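Undergrad: generate a structure from the sequence data that follows.
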Amino acid sequence: MRDDEPLALGPADIHLTSTDAGPAAPGADESGAARPGAPAQAPHPAPWVRRLVLAALVLAALNLRPAITSLGALLKEVRDGLGMSGTMAGLLTSVPAACFALFGFAAPRLARRRGPGAVVFAGMVAITLGLALRPLAGGTPLFLAASALALAGIAVSNVLMPVIVKRYFPDRVGTVTGVYSMALSLGTAVAAAVAVPLTDAMGGSWRLGLGVWALLAAIAIAPWAPLIRDRSQAPAAGGHTARSRTPEEGADRSRTPQGAATGAGAVEAGGSGRIVRSRTAWMLACYFGLQSTSAYVTMGWMPQILRDAGISAGEAGVMLAVTMALGVPVSFLLPPLAARMHAQGPIAVVLVVFQVAGFAGLWAAPAGAPLLWALLLGVGNCAFPLVLTMIGMRSRSGPGVVRLSAFAQSTGYLISIPGPILVGALNQATGGWGVPLALMIALAAPQLLCGVLAGRNRHIEDEL
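TA: Sure, this is the predicted structure:
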């Protein structure tokens, strides 16, 4: 699929009408009522459909991280059981990013052909199968292959979550993003917290401790089944996208033919170029990649850092759970806040400050105040819901969000692949965690710069 190839989405994809998205759309008065002669606005999906989709989003989000954080809590046992070196373990912690990049690029083409709901349904099936097969692996290659299957399902779902939100909840983008981000953080935290005690309760077998998460994934399959056949087409150009406009933008719009730069028309008139020409898309991709590096180093290596400092396996897992759990309230509150700001750079700055403080604490005194370091990193890792919100705000149309989501997430995950591997290799080479953590602190500088630039009030259609 070319990056300028449109994805067929439902009418809701190009109509935003609430305070989450901005002021009333052109063609409507301040109350939202259409003016005579204005283009008709597409109706929102039926209430029961939106309730079903919301439930499906929450259940899917709960399953987008347990495959990773449950492994992080049991990494030492898995390494011992499969005979992994430090570098191979680092490769294992980079498999999520590699799969997210590879399969994330395929998500738009799959969604265009089969519909977003069908692709996410298939993703939930892949997660279930991968998690069920992983404990059966007798060696590292098979373990990696089963992990890759689960992570492929996570990858396509990751990319399409913002698309589903904008499709079915065009009037509540920030709020619903917050809800599923909160569910994602909750699933991440619960898996990290209970992986070790659950394994102990089942006889100490890490295979059972990892395999049990397939049951949770299986539950998430059902609500996506009714959405498999939903492949409604977007209306013709001329629909309007509500957004905040500067006076200069309004003046430019007055010189533009009706519908030429709005809704689906934005994809044809202002968004038909290759997305790699957009500076905003690149800044989002780089910001996504650098925050993903931090997140996967935290999820994959923080328990090991704490255990090497003398902290028990159970307590180390709880500390990782604290880090992930802090994302639950922050992920719920941050997207609506970001959606109401013209520029999200200040939020990116605050998150980087917390992240640097957390890594510095792990470096200086990992066993001195592990709860404090966990809390600091928990806030710092909330860059993920921020970047998801910015993806939804940096395009005027549903197809534009698809393109931007696929590009930013897939390219970002490619950028993040070397980080966890390098951390594992540096730890093995130096015999300690000082150099790896110094690397993570150094990477905070470009992350901050990219976050500020990605947070500017821009739209990719204006840069293509």
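
Undergrad: alpha carbons only for contacts and neighbour counts from here, please
TA: Fine.

Undergrad: show me which residues of the helix or strand harbouring Val349 are buried.
TA: Element membership of Val349 [criterion: DSSP states H and E] is helix 345-364. In terms of neighbour count (16 or more other C-alpha atoms under 10 Å), helix 345-364 has its buried residues at 345, 347-349, 351-363.

Undergrad: next, count neighbours for the residue nearest to Thr389 when sequence neighbours are not counted.
TA: In space, and not counting its chain neighbours, Thr389 is closest to Pro335: 5.7 Å by C-alpha to C-alpha, 6 or more residues apart in numbering. Neighbour count for Pro335, taken as other C-alpha atoms under 10 Å: 25.

Undergrad: same deal with Tyr296?
TA: Using other C-alpha under 10 Å, Tyr296 is surrounded by 23 other residues.

Undergrad: same question, Val322
TA: By other C-alpha under 10 Å, 22 other residues sit near Val322.

Undergrad: quick one: which helix or strand includes it?
TA: Val322 belongs to helix 313-325 when assigned by DSSP H and E.

Undergrad: buried residues of that helix, list them for me.
TA: 313-325.

Undergrad: how about a markdown table for these, with distance to Cys382 and pLDDT added?
TA: Formatted as a markdown table, those follow (distance: C-alpha to C-alpha, whole Å; pLDDT from 0 to 100):
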| residue | distance to Cys382 | pLDDT |
| --- | --- | --- |
| Ala313 | 25 | 82 |
| Gly314 | 24 | 82 |
| Glu315 | 22 | 88 |
| Ala316 | 20 | 88 |
| Gly317 | 19 | 83 |
| Val318 | 18 | 86 |
| Met319 | 16 | 90 |
| Leu320 | 14 | 85 |
| Ala321 | 14 | 83 |
| Val322 | 13 | 88 |
| Thr323 | 10 | 88 |
| Met324 | 9 | 80 |
| Ala325 | 11 | 81 |
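
Undergrad: tell me the two of those residues that are most distant?
TA: Ala313 and Ala325 (18.0 Å; C-alpha to C-alpha).

Undergrad: least confident secondary structure element in this structure?
TA: Lowest by mean pLDDT, DSSP states H and E among the helices and strands of the chain is helix 263-265, with a mean of 37.

Undergrad: ok, back up a step: tell me what the helix holding Val349 is packed against?
TA: The elements that helix 345-364 packs onto, with contact taken as 3 or more C-alpha pairs under 8 Å, 6 or more residues apart in numbering; DSSP states H and E, are helix 370-380, helix 383-393, helix 434-442, helix 444-454.

Undergrad: returning to that earlier point: the residue nearest to Thr389 reaches Thr175, doesn't it?
TA: Yes: assessed by C-alpha atoms under 8 Å, Pro335 is found in contact with Thr175 at 6.8 Å.

Undergrad: and the nearest residue to Val276 once chain neighbours are set aside, how many neighbours?
TA: Distances taken as C-alpha to C-alpha, 6+ apart place Trp282 nearest to Val276, at 7.1 Å, with adjacent residues excluded. Trp282 has 21 neighbours, counted by other C-alpha under 10 Å.

Undergrad: next, the angle from the helix or strand harbouring Trp282 to helix 370-380.
TA: Per DSSP H and E, Trp282 falls inside helix 279-308. Interaxial angle, helix 279-308 versus helix 370-380 (axes from the mean of the first three to the mean of the last three C-alpha atoms, to 10 degrees): 170 degrees.

Undergrad: what's the average pLDDT for helix 279-308?
TA: What helix 279-308 shows for mean pLDDT is 91.

Undergrad: neighbours of Leu144, how many?
TA: Residues contacting Leu144 under the criterion other C-alpha under 10 Å number 16.

Undergrad: pLDDT score for it?
TA: In this model, Leu144 carries a pLDDT of 85.

Undergrad: hang on, it packs against Leu92?
TA: Yes: counting by C-alpha under 8 Å, Leu144 does reach Leu92; the two are 7.1 Å apart.

Undergrad: in three-state terms, how would Ser410 be classified?
TA: helix (DSSP: H, G, I helix; E, B strand; the rest coil).

Undergrad: in stretch 330-342, what counts as buried?
TA: For stretch 330-342, the neighbour count (16+ other C-alpha under 10 Å) marks 330-339 as buried.

Undergrad: now it: average pLDDT?
TA: 84.

Undergrad: circling back: pull the residues that contact the helix holding Val349.
TA: The contact list for helix 345-364, computed with C-alpha atoms under 8 Å, 6 or more residues apart in numbering, reads 305, 338, 369-370, 372-377, 379-383, 386, 433-434, 437-438, 440-441, 444, 447-448, 451-456.

Undergrad: sorry, back to before: downstream of the helix holding Val322, the next helix or strand is which one?
TA: Using DSSP H and E, the helix or strand that follows helix 313-325 in sequence is helix 327-339.

Undergrad: relative to helix 370-380, how tilted is that following helix?
TA: With the same axes, to 10 degrees applied, the angle from helix 327-339 to helix 370-380 works out at 30 degrees.

Undergrad: helices or strands up against helix 327-339?
TA: If you count contacts as 3+ C-alpha pairs under 8 Å, 6+ apart, helix 327-339 packs onto helix 173-201, helix 370-380, helix 383-393.

Undergrad: name the residues that touch the last one?
TA: Meaning helix 383-393. Applying C-alpha under 8 Å, 6+ apart, the external contacts of helix 383-393 come out as 162, 166, 173-174, 177-178, 181, 284, 287-288, 291-292, 331, 334-335, 338-339, 344, 348, 351, 401, 404-405, 408, 454-455, 459.

Undergrad: and if we set it to 6 Å?
TA: With C-alpha atoms under 6 Å, 6 or more residues apart in numbering as the test, helix 383-393 has contacts from 181, 331, 335, 401.

Undergrad: mind picking the two most distant members of those residues?
TA: Farthest apart among the contacts of helix 383-393 by C-alpha to C-alpha are Ser331 and Val401. That separation is 20.1 Å.

Undergrad: tell me which helix or strand the closest residue to Ile221 other than its chain neighbours sits in.
TA: If the residues on either side of it in the chain are set aside, Ile221 comes closest to Met124, at 5.5 Å by C-alpha to C-alpha, 6+ apart. Assigned by DSSP H and E, Met124 belongs to helix 116-133.

Undergrad: buried ones in the helix or strand just after that helix?
TA: Next in sequence after helix 116-133, counting helices and strands by DSSP H and E, comes helix 140-168. For helix 140-168, the neighbour count (16+ other C-alpha under 10 Å) marks 140, 143-168 as buried.

Undergrad: by contact count, what packs against helix 140-168?
TA: Packing partners of helix 140-168 (3 or more C-alpha pairs under 6 Å, 6 or more residues apart in numbering; DSSP states H and E): helix 86-114, helix 116-133.

Undergrad: now do that helix against helix 173-201, angle only.
TA: If you take the same axes, to 10 degrees, helix 140-168 sits at 150 degrees to helix 173-201.
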